[in-house]
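Novice: A predicted structure for the sequence below; I have some questions about it.
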Amino acid sequence: MTERIYDLVVNGGTVLDPGSGRQVRADVAVKDGKVAEIAPGLDGALADRVVDAAGAWVTPGLIDLHAHVYWGVGRGVDADRDVLPRGVTTVVDAGSAGSLNFPGFKRYVVDPARTRVLSFVHLSYIGLVGGTPLGELLKPEWADPEGATEVIKAHPDIVRGVKIRLEERAVGSRGKEILQEARALCAAAGVPLMVHICGATDPLSELLPYFGPGDIVTHMMTGRGKAVLEADGKVLPAVTDARDRGVVFDVAHGRSHFPFRVAESLLRQEFLPDVISSDVTSLSLNGPVYDLLSIMTKHLALGMSFEQVVRCVTSNPAKALGLAGQIGSLEVGGVADIAVLDLLPGDFEIFDTEGEKRITDTRIACRATVRAGELVPPAV
Ligand SMILES: [Zn+2]
């Protein structure tokens, strides 16, 4: 009898790991939750389990930098049911929890999840429990920088940054004030700030100077209000300046933040996203978001290369989280978070968030997900 030396081998695929520049036909062997070997011709008989990746791409487990997974609170989806089987091994909850309800988020969502669940804690102590109708920072006293700081200090492995929304319905006309308050908190805590830019009363060019390197502009392709494009359709000089200073630009598609007219204009001007994320909630899970794969498919359809798209959901978000090399990569000795992805040919209709349609000939689908060395059952 052959001795089994691996727990699992992903066999016959092409490994694509943009962070390391690796793109090679190779098998990936896994042992004790870690990548044990990446090489061609690994013998499946040496493993307890073989994942057939023939004709597929083998990438690091995907990272969704902006999603909502506080199930039952703030319209969150269920990470293990709705996210993990679709190739996403790390999901970042963008501000659903504030200092008040973070303990519940940790106990009932983060701890039991098989998915790696990280958080950007909200500056508002109530987080996004009430969403837009409530307006999480309309009352100045709801901002809780001390509480957020405590949560960041107590859970550095989970909480990777702070989230605010500068939406008028969330902050009134106090956007700049709140931005400065959040920036000061982040500077003291040494974490990045993620800012929802749509619907702000101040133009983006007046807000961006407050952003530091590593801070994240989320909903970068929004068509609402004063966003990244000037009236003549050119990228704002303040946006280019911000990128040059190391500000991160994140898609966060959501229900209303991805008109093709903006996305196409940005890509034509070679202003590509740093990060592609879904902003999935229970309200968008059955469309127009569905999952991160469908958002990746749209970027492929708009002309980004598959390698560029995969970079935006692996090494780039890992870097934005301060976890470069720990997640979003495939290295021997590293955690065995793996996605096996197919590029399916066909005629597929895709829609933006304003109902515009395009036809694309390729759809990205997930054949298998491995999380910490274990094969995840497919989505039902
Ligand atoms: Zn969101």
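Specialist: Yes, it's here. Numbers count the residues shown, from 1 in each chain.

Novice: Neighbours of Leu118, how many?
Specialist: 24 (other Cβ atoms under 10 Å). In short, each C-beta sits where N, CA and C put it, glycine included.

Novice: pretty sure it contacts Thr89?
Specialist: No: using Cβ atoms under 8 Å, Leu118 makes no contact with Thr89, being 11.3 Å away.

Novice: Skipping adjacent residues, who's closest to the residue in the stretch 101-250 of the chain that the ion sits nearest to in space?
Specialist: Minimum separation of the stretch 101-250 of the chain from the ion (Cβ to the ion) falls at His196, amounting to 6.6 Å. Leaving aside its chain neighbours, His196 sits nearest to Arg165 (3.8 Å; criterion: Cβ to Cβ, 6 or more residues apart in numbering).

Novice: so where do the helices sit in the stretch 101-250 of the chain?
Specialist: For the stretch 101-250 of the chain, the helices defined by DSSP state H, counting those that start in this stretch occupy 102-105, 131-134, 145-154, 168-171, 175-189, 204-207, 237-244.

Novice: And the third one, what does it pack against?
Specialist: When you say that, I think you mean helix 145-154. strand 116-122, strand 159-165, helix 175-189 (3 or more Cβ pairs under 8 Å, 6 or more residues apart in numbering; DSSP states H and E).

Novice: who's in contact with it?
Specialist: Helix 145-154 is contacted from outside by 98-100, 102, 121-123, 125, 159, 162, 181-182, 184-185, 188-189, 191, using Cβ atoms under 8 Å, 6 or more residues apart in numbering.

Novice: ditto for the second one
Specialist: Applying Cβ under 8 Å, 6+ apart, the external contacts of helix 131-134 come out as Gly74, Arg75, Ile126, Glu167, Arg169, Ala170.

Novice: Now tabulate the residues you listed in CSV and tack on neighbour count.
Specialist: Formatted as CSV, the contacts of helix 131-134 follow (neighbours: other Cβ atoms under 10 Å):
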residue, neighbour count
Gly74, 25
Arg75, 18
Ile126, 19
Glu167, 22
Arg169, 14
Ala170, 24
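
Novice: Distance to Lys153 and pLDDT for those - can I get that in CSV?
Specialist: Output for the contacts of helix 131-134, formatted as CSV (distance: Cβ to Cβ, whole Å; pLDDT from 0 to 100):
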residue, distance to Lys153, pLDDT
Gly74, 23, 83
Arg75, 28, 92
Ile126, 20, 95
Glu167, 28, 92
Arg169, 31, 93
Ala170, 25, 94
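
Novice: and the residue in the stretch 51-200 of the chain that the ion sits nearest to, how many residues sit next to it?
Specialist: The ion sits closest to Ala94 of the stretch 51-200 of the chain, with a gap of 4.7 Å, by Cβ to the ion. Neighbour count for Ala94, taken as other Cβ under 10 Å: 29.

Novice: show me the contacts for Val235.
Specialist: Neighbour list for Val235: Val228, Leu229, Leu266, Gln269, Phe271 [criterion: Cβ under 8 Å, 6+ apart].

Novice: close enough to count as contact, the second one and Ala238?
Specialist: No: under the criterion of Cβ under 8 Å, Leu229 is not in contact with Ala238, lying 11.5 Å apart.

Novice: Same drill for the two, tell me which one is more crowded.
Specialist: Taking other Cβ under 10 Å, Leu229 and Ala238 do not tie; Leu229 has more neighbours (21 against 18).

Novice: Against Leu134, how distant is that one?
Specialist: Using Cβ to Cβ, to the nearest Å, one obtains 30 Å as the distance from Leu229 to Leu134.

Novice: Apart from its neighbours in sequence, what residue is nearest Gly33?
Specialist: Spatially, and ignoring its direct neighbours in sequence, Gly33 is nearest to Gly373 (3.8 Å; Cβ to Cβ, 6+ apart).

Novice: and the one you found, what does it touch?
Specialist: Gly373 sits next to Asp7, Leu8, Val30, Lys31, Asp32, Gly33, Lys34, Ala336 when contact means Cβ under 8 Å, 6+ apart.

Novice: and with 6 Å instead?
Specialist: Shown in contact with Gly373 (Cβ atoms under 6 Å, 6 or more residues apart in numbering): Asp7, Val30, Gly33, Ala336.

Novice: quick one: secondary structure of the first one?
Specialist: In this case it means Asp7. Here Asp7 is recorded as strand under DSSP: H, G, I helix; E, B strand; the rest coil.

Novice: give me the number of residues near it?
Specialist: Neighbour tally, Asp7, other Cβ under 10 Å: 20.

Novice: Check what contacts stretch 341-357 and list those residues.
Specialist: Stretch 341-357 is contacted from outside by 56-57, 59, 256, 258-260, 288, 298, 301, 358-360, 362-367, using Cβ under 6 Å, 6+ apart.

Novice: how does it look with 7 Å?
Specialist: Residues from elsewhere that reach stretch 341-357 (Cβ atoms under 7 Å, 6 or more residues apart in numbering): 56-57, 59, 87, 223, 255-260, 288, 297-298, 301, 306, 358-367.

Novice: burial measure for the closest residue to the ion within the stretch 251-380 of the chain, as a count.
Specialist: Across the stretch 251-380 of the chain, no residue is closer to the ion than Asp279, which sits at 4.3 Å (Cβ to the ion). Neighbours of Asp279 under the rule other Cβ under 10 Å: 26.

Novice: contacting residues for it?
Specialist: His66, Ala67, Ala252, His253, Gly254, His257, Val289.

Novice: on that earlier part again, kindly compare burial across the helices and strands packed on helix 145-154 and name the winner.
Specialist: The highest mean neighbour count among the helices and strands packed on helix 145-154, using mean count of other Cβ atoms under 10 Å, belongs to strand 116-122: a mean of 28.

Novice: I'd like the mean pLDDT over that one, please.
Specialist: For strand 116-122, mean pLDDT rounds to 98.
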